[in-house]
Structure formats: C-alpha cells, structure tokens
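Student: Sequence first, then the predicted structure, then my questions.
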Amino acid sequence: MFKFKKRLALIVFLMTLSGCKSLEDVISQNPPSTPSVTSNDTSTGEDETSEVDVTSIIDSITSDEDYSTSEEEIIEGDLQPADLTNFTTDFVVDPAISYTSEDFVVKPFYNGFTYPSDAQVQPTNAYLEFWHEESKINFHIVASKRVFSLIEQNGFFEQRYADLYFPVTLAVDLNGKRFVYYEVGMRMKGNTSRKQFLHSETKEFVDSVSFKLSFNETWTKDLYAEFGLQKTWNKNDNPEWKIRDDRTFMGDDAGKFGMKKIDIKWNKSKDPSLIMQPYAFGFFQKHGLISQNSTLTTLKFNNTRMGIVTLNEPVDKHLLRRYFPKAAAAGDLYKVGWGYGEMGNLFYEKYEATNEIVGEEDKYNYYSPIYDAKEYDDTAAEPFGKLINLMRVLKENEGKSVEEYAPVLSSVVDIDSFLNYAALAYLIGNPDDMRNWGNNYYIFFNPLEDNKAYFIPYDYDWSLGLTWDLQNLPMLGVSPYTTKHAVDRNRWQSNRLYWYTIIQSSDWARPYPSITMNQAWQDTYSNKLIEYNNDPLYSKEGYNELYFTYKTTYGHLSESDLDFKLNAEGHNLGEISPFVNTSLMENFIDDVKSCIETYVINR
C-alpha cells in the first residue's frame with residue numbers, strides 16, 4: 001500500500017510541476033504532437049482536470065498489468081501514443097496528406113499483372129506504388145506499454161476479446177514519402193502463432209507475432225467500454241466520426257478507394273528467403289486467381305527494431321471490388337479455418353451433424369465456425385444457403401454419370417477457376433491448404449454468375465518446400481494426381497470436389513467409389529500444370545530475380561533488436577529476419593518439374 005501511495009504521489013507531483021494534462025504527457029516528458037483534435041470535455045478548472053487524471057492513474061496502477069518496473073518509453077521523434085486519459089472524448093484527425101496522385105510512381109509489376117478494367121474500384125497510384133516489389137517501406141508503430149499489454153492480454157491470454165482493436169500511432173515511409181495515422185486499430189492475428197511477446201515485468205518486446213491494423217476503427221462498440229475506450233462520438237453529431245469511418249490506407253487524392261485494413265505477418269516459418277509470400281501470391285495473380293497482394297517492410301515498435309516482416313492485403317470485400325464489377329463484388333465470402341480431416345473439406349455430412357460449423361465468428365461468445373461468413377445477407381431466409389447448397393450438391397451427385405453431374409457441378413462451381421486454383425496450388429506446394437489440411441482458403445460466390453463458387457488462396461507462409469517438418473519434406477515427390485494428403489499419405493482425400501475433377505482410384509478402400517472422375521476436367525488441369533510449369537517465373541532464376549530485388553532494398557536493414565535474445569519462454573530467437581538463401585525453394589521447384597515430367601508429360 002505504501003508503494004502504491006508513493007507512486008501515485010510522485011506522478012501527481014510531476015503533473016503539477018509540468019502542467020501536463022494527461023498521464024501520457026507525464027510519461028513521455030514531451031509535449032504532445034499536434035494533430036487536429038476536437039473534444040466534448042468542457043472542463044476548464046485545474047482541480048477537475050487533476051481529478052480525472054488521478055482516476056486514470058489509479059486505474060492504470062491497479063490494473064492487471066504492473067507497469068511500475070518500467071514506465072512508458074520516451075519515443076524518439078515527433079510521434080506520440082494515443083492519449084488514453086482523454087481517448088473517449090478526444091476526436092483526433094490525421095495530418096493532411098500533401099501528396100497527390102502525380103507524386104506516386106506507377107511501374108509494371110514483375111509478374112505483369114494488371115487489374116480488370118471493369119472492376120468496381122480501380123487501384124490508386126498510391127496503392128500500386130505501395131505494393132510494387134521495388135518499393136522501400138518502413139512501418140513505425142507507436143503505442144503506450146499499456147496498449148501493447150492490452151493487445152497481448154486479449155490476443156493471447158484472454159482470446160475472448162481477440163477481435164477488439166487498440167489504438168496505436170502509425171507512421172509509414174514509402175520511398176521517402178511520409179504518412180502519419182493516429183488512432184489506428186491494432187490487434188493480434190493468427191491461430192497457432194499467437195503467443196506472449198512482452199516481458200512479463202518490464203513489458204519490453206521479447207518476441208515477434210502477427211498483427212492486423214484497422215484504419216477505420218471508431219471504438220463505438222459496447223465492448224470497448226470495459227477497457228475505458230468507448231468513444232462518445234457518432235455519425236450524426238460528429239464530422240470526425242465520418243472522417244474516421246471513411247479513412248483508407250493508400251487511397252486517392254480524396255482519401256478514398258484505399259485499404260481499410262492490412263496484415264503484418266512475422267516470419268514464423270523461418271522462410272530463409274523472406275519472399276515466399278510475395279512470390280506465391282504474385283504467381284497466383286499472374287495466372288488469373290483472385291489473390292491478395294504481399295510485400296515486405298521494416299518494422300519498428302516504439303524504439304525497438306523488429307526487423308523485416310511481410311505485409312499482406314486482407315481478403316475482404318475491398319479486395320473483391322478490385323477484381324469484380326459492383327454487382328459481383330457484393331457476393332458472399334467465407335473464410336475456411338483449420339479443419340484437420342473432413343471439417344474444412346466441404347463435407348455435407350458434417351454440416352448435417354452440426355450446422356454450427358457454418359456461421360459468423362463471434363469470439364466474445366466463444367464461437368469460431370469452420371466456415372466463417374465474412375460477407376453475406378443476414379436478412380435472407382437462408383443466410384448461408386449458397387455454401388450449404390454447394391456442399392449438398394457435391395454429396396448428392398455421387399453415383400451419377402459425368403454427363404449427369406457435370407452441368408450440375410458447373411452451376412455451383414466455376415470449374416475452370418477451381419482447376420486453375422488446384423494447378424497453381426500444386427506448383428506452390430503448401431501443405432497447409434485446401435487440398436491437405438482442408439483450410440487456408442476463402443470461398444467467394446459470384447452473383448453475376450448465378451452464385452458460382454470461386455476459391456481464393458490464403459496464408460502461404462508454408463510452401464515451396466518449407467514445412468514444419470524439415471526432416472520429412474512431405475511435399476517432395478508428390479504426384480499432382482495423388483489421392484492422399486501430401487502431409488499424411490495414409491489418409492484419403494475427403495474433399496469430393498477433387499474426386500469429381502482431378503483424382504481417381506480403383507482401390508477398394510477409396511472413400512467415394514461411386515464418383516466417376518470427369519476426364520475432360522482432369523485434362524484441363526494437366527494442361528494448366530504444363531503451361532504454368534513452363535512459365536519463366538516458375539524457375540530458380542525467376543525466384544532469385546525477385547529475391548535479389550527485395551534483398552537489394554532491405555538486405556542492410558534486416559537487423560532486429562530481438563536478434564539472439566530470449567523470448568518469453570526462454571528460447572533463443574536467433575536472427576529474426578535475415579536474407580539467407582533460396583536453395584530450399586530452388587530444390588523444390590526442381591522436384592516439382594521432375595514430377596510434372598514423370599506424372600503428366602510422360603504418363
């Protein structure tokens with residue numbers, strides 16, 4: 001108790017001496033930065049202000065986190081963390097962006113990809129420069145230790161609140177152009193990659209994890225009240241609310257048509273090249289798949305260098321608007337989560353057993369369905385009907401002839417797009433995908449094509465020969481027609497869609513003996529394999545060209561302040577983000593080319 005009173009008295013004394021209005025100012029010992037702010041706080045007396053701040057200090061000191069051993073860092077430069085004391089009533093507006101479309105350099109991408117001209121939204125010049133492989137990017141994220149602790153606590157220890165965002169300041173340097181965004185929402189992301197990243201006592205950074213940033217978070221949900229962060233603004237009375245709700249990242253001159261969110265992904269898989277994801281998604285884009293963008297950036301949290309991380313564009317309605325006209329982009333979108341066995345393999349019997357595998361995720365109420373509805377019409381009589389019908393059709397056409405089922409399946413799946421997806425996924429070799437673990441893909445239902453399903457790849461940090469089992473290397477030597485899972489070759493493929501289109505077997509133990517494969521569809525798949533295998537980009541030389549492009553930009557910036565430190569579990573982190581080599585990927589590409597020669601060309 002004595003220690004508590006001593007700390008409280010010291011902080012209040014510092015506030016009196018310095019004339020600071022908030023705890024954040026006392027901690028930083030610097031005047032706050034000068035964004036435009038409006039406030040509903042009409043208090044003018046020093047006593048009233050001090051009383052509010054003292055309450056905030058007590059709340060902070062008596063919270064679950066103990067900040068006594070190391071108070072908030074002084075941040076280098078002009079960036080300051082959000083003022084949590086006045087957060088609910090202060091409405092911060094970002095500094096104006098002075099750059100115009102002409103200030104951004106638009107160059108062809110290495111893969112030759114361009115967006116469809118009839119799409120609802122055309123990419124802005126800022127967006128195109130941001131995702132270009134030659135661009136040099138730095139993300140500097142500033143937040144109080146309390147904010148980082150809230151992100152860790154609710155992202156790892158108490159995941160009921162895992163979808164809540166907490167306010168950080170973000171500065172982005174893009175080829176020398178600087179952008180500052182206040183009160184950007186930040187939370188942890190990932191499934192198996194969540195972990196403690198702060199030291200238990202000092203709250204210093206001791207590990208890397210993955211995060212999601214939200215640029216249009218308004219903090220009006222009731223759940224934020226539990227953390228004292230529910231803002232009092234609303235769209236009718238506060239013009240600042242509209243500005244924040246409309247805020248996008250790398251938009252046009254009016255700030256529109258950019259991205260609402262962006263993902264920061266650490267090198268969990270220890271990819272020795274660091275470019276696996278930019279390469280994989282770029283290869284998908286080149287050959288006609290709906291695919292997210294991916295690139296690299298250096299990352300700094302407060303004064304701590306986190307090395308090089310991957311930036312990924314989220315798969316959401318904003319991405320779809322760059323691929324489809326307005327009427328199509330409004331289609332239903334599902335994220336398929338981890339589904340070992342049959343859960344993520346469009347298995348209708350599982351839905352019949354429990355319809356809870358399809359729905360909208362609600363982590364607060366401990367509900368995480370396998371098929372997470374990201375975009376759908378919640379007013380429809382059967383909101384998830386398109387997905388359920390897809391699963392039903394796959395089951396009910398067993399035992400029918402090719403002539404009977406081909407038009408039916410073609411009415412619910414864009415078959416050519418699926419075969420494209422299957423061929424490209426085989427070449428990239430991700431063991432953690434739709435064909436293997438039954439996860440890491442999205443399903444999009446296109447309204448302009450009678451709601452046919454398209455499949456979108458996602459999360460390719462394990463691929464191109466890199467797996468969690470480097471002793472076994474399960475993706476090597478795998479036939480493109482295999483009827484088993486590459487990571488478990490004793491387990492039959494349970495996704496019926498592959499049996500209708502690509503794979504067949506006369507083994508008496510096969511799971512679907514009444515499904516007859518469509519030979520014409522398999523031939524299409526085979527031709528795509530041969531075509532894409534001959535693409536110069538799919539070669540050791542093609543991979544290394546992209547590797548050296550990024551290494552030239554970032555090679556001297558790969559050092560992290562966490563290198564060779566101990567993480568929260570006491571394990572040596574080693575070097576966080578080095579450009580090592582591409583030999584693993586080169587060997588994998590050679591192996592796949594050999595498999596295509598053996599199983600496809602010479603069969």
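Tutor: Received, thanks.

Student: got any ranges where the stretch 251-400 of the chain has weak pLDDT?
Tutor: 338-342 (pLDDT under 70).

Student: same question but for the stretch 451-600 of the chain, I mixed them up
Tutor: Residue ranges of the stretch 451-600 of the chain with pLDDT under 70: 471.

Student: swap the cut-off to 80 and go again
Tutor: Across the stretch 451-600 of the chain, the ranges flagged by pLDDT under 80 are 469-473.

Student: cool, and the stretch 51-200 of the chain?
Tutor: In the stretch 51-200 of the chain (pLDDT under 80), the answer is 51-78, 191-193.

Student: Show me how far stretch 513-530 is from its chain's centre.
Tutor: Distance of stretch 513-530 from the chain centroid (Cα atoms, centre = their mean, to the nearest Å) equals 33 Å.

Student: Ok, stretch 591-600 next?
Tutor: Distance of stretch 591-600 from the chain centroid (Cα atoms, centre = their mean) equals 32 Å.

Student: Other residues contacting that stretch?
Tutor: Defining contact as Cβ atoms under 8 Å, 6 or more residues apart in numbering, one finds that stretch 591-600 is touched by 426-427, 429, 465, 476-481, 526, 529-530, 533. Just so you know, the C-beta spots here come from the backbone N, C-alpha and C atoms, and that holds for glycine as well.

Student: Using PDB, list the CA coordinates for stretch 489-497.
Tutor: In PDB, the C-alpha atoms belonging to stretch 489-497 read as follows (Å, rounded to 0.1, in the frame of the first residue of the first chain):
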ATOM      1  CA  ARG A 489      -0.100 -40.200 -47.300                       C
ATOM      2  CA  ASN A 490      -2.100 -42.800 -45.500                       C
ATOM      3  CA  ARG A 491      -5.100 -40.600 -45.300                       C
ATOM      4  CA  TRP A 492      -7.500 -40.400 -48.300                       C
ATOM      5  CA  GLN A 493      -8.500 -37.100 -49.800                       C
ATOM      6  CA  SER A 494     -12.000 -36.400 -48.400                       C
ATOM      7  CA  ASN A 495     -13.000 -33.400 -50.500                       C
ATOM      8  CA  ARG A 496     -15.400 -34.700 -53.100                       C
ATOM      9  CA  LEU A 497     -14.600 -31.800 -55.500                       C
END
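
Student: gap between that stretch and the chain center?
Tutor: When C-alpha coordinates are averaged (Cα atoms, centre = their mean), stretch 489-497 and its chain have centres 28 Å apart.

Student: buried residues in it?
Tutor: By 16 or more other Cβ atoms under 10 Å, the buried positions in stretch 489-497 come out as 492-497.

Student: just stretch 153-163 next, same as before
Tutor: Residues of stretch 153-163 classed as buried: 153-156, 159, 161-163 (neighbour count, 16+ other Cβ under 10 Å).

Student: Equivalent analysis for stretch 284-300, please.
Tutor: Neighbour-count burial for stretch 284-300, counted by 16+ other Cβ under 10 Å, picks out 284-287, 289-300.

Student: and if you look at stretch 83-98?
Tutor: Residues of stretch 83-98 classed as buried: 83-94, 97 (neighbour count, 16+ other Cβ under 10 Å).

Student: what does stretch 499-507 give?
Tutor: Applying 16+ other Cβ under 10 Å to stretch 499-507 flags 499-505 as buried.

Student: Endpoint to endpoint, it covers what distance?
Tutor: End-to-end distance of stretch 499-507 (Cα to Cα, to the nearest Å): 13 Å.
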